[in-house]
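S.K.: Give me a 3D structure for the following:
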Amino acid sequence: MTENPAGSEGLDDARSDASECTRCPLHRDASQTVFGAGPARAWLMVVGEQPGDQEDRAGEPFVGPAGRLLDRALDQAGIVREDVYLTNAVKHFKFERRGRRRIHQKPTVAEIRACRPWLDTEVRLVRPRLLATLGATASQALLGPSFRITRHRGEVLDFSTPGSGTLSVVPTAHPSSVLRTPPERRDEAFDALVADLRVVASHGPGGRAEPG
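M.R.: Numbering: from 1, shown residues only. The predicted model follows:
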């Protein structure tokens, strides 16, 4: 891994290194490593679980249905997606084949740990003011396996990562969970996601929680 790189050049080096990662078995079946994308000095880093089928094919995070729903939620919360660095706790798509379809499978603790150095590298290089974790897997990757998102979603919490000191993180639901919600409750689930992202927005540029 590149030592102590900075800015976009450092991210490019890390992305290149990650493209050859074989730290866990997921690289064998995935099309490619899906590294993070966004500004080299974003104020916000959004961390999901892992790339899905469309992300695996495109090589970019959050380009499928969940990504489009996230776009809407960010917009309603007053967050500009182009100002956000988007990534995942796990960089390869884990799936099970059913005929011609590739069905998402939850990554194991070992797979999450194998990918953690890449996430730590992204945090160190981007140096975000705040992180938002989407779903249980991403939240537990940073806050520990005992963390329960149902108890703490929308709260501003502290966590430490190597080389970056203590940062703030706001856990919330993953957009894919909103898409899986029964239609009669989907608007409520979406509104709850937006409410959590408004907490995030309050710590961003122009937000009331921005330090002076």
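
S.K.: so where do the helices sit in this structure?
M.R.: All helices of the chain, identified by DSSP state H, fall at 7-18, 53-58, 65-77, 109-126, 135-143, 149-152, 175-180, 183-201.

S.K.: who does the longest strand anywhere in the chain touch, helix- and strand-wise?
M.R.: Longest among the strand segments of the chain by residue count, using DSSP state E, is strand 165-172. Judged by 3 or more Cβ pairs under 8 Å, 6 or more residues apart in numbering; DSSP states H and E, the packing partners of strand 165-172 are strand 130-134, helix 135-143, helix 149-152, strand 157-161, helix 183-201. C-beta: built from backbone N, CA, C; applies to glycine.

S.K.: One more pass at 6 Å, please.
M.R.: Here strand 165-172 touches strand 130-134, strand 157-161, helix 183-201, going by 3 or more Cβ pairs under 6 Å, 6 or more residues apart in numbering; DSSP states H and E.

S.K.: any idea of the mean pLDDT in the first one?
M.R.: In this model, strand 130-134 has an average pLDDT of 97.

S.K.: CA atoms only: put it into PDB for me.
M.R.: The C-alpha coordinates for strand 130-134 follow below in PDB (Å, rounded to 0.1, in the frame of the first residue of the first chain):
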ATOM      1  CA  LEU A 130     -18.000  13.600   9.200                       C
ATOM      2  CA  LEU A 131     -18.900  10.100   8.100                       C
ATOM      3  CA  ALA A 132     -22.400   8.700   7.500                       C
ATOM      4  CA  THR A 133     -22.700   4.900   7.700                       C
ATOM      5  CA  LEU A 134     -25.500   3.200   5.800                       C
END
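
S.K.: Tell me how many other residues surround the closest residue to Leu143 other than its chain neighbours.
M.R.: Distances taken as Cβ to Cβ, 6 or more residues apart in numbering place Phe159 nearest to Leu143, at 5.7 Å, with adjacent residues excluded. By the measure other Cβ atoms under 10 Å, the count of residues near Phe159 is 17.

S.K.: Gly99 versus Phe159, what's the distance?
M.R.: Going from Phe159 to Gly99 by Cβ to Cβ, to the nearest Å gives 41 Å.

S.K.: Stretch 152-166: end-to-end distance?
M.R.: Distance between the two ends of stretch 152-166: 18 Å, counting by Cα to Cα, to the nearest Å.

S.K.: Show me what counts as buried in that stretch.
M.R.: Residues of stretch 152-166 classed as buried: His152, Arg153, Gly154, Leu157, Phe159, Thr161, Ser164 (neighbour count, 16 or more other Cβ atoms under 10 Å).

S.K.: one step back: among the helices of the chain, show me which one is buried the most.
M.R.: helix 135-143 (a mean of 23; mean count of other Cβ atoms under 10 Å).

S.K.: tilt between that one and strand 157-161?
M.R.: 60 degrees (axes from the mean of the first three to the mean of the last three Cα atoms, to 10 degrees).

S.K.: ok so, going back, unless I'm mixing things up, the residue nearest to Leu143 is touching Val169, no?
M.R.: Yes. Phe159 is within contact range of Val169, at 5.5 Å (criterion: Cβ atoms under 6 Å).
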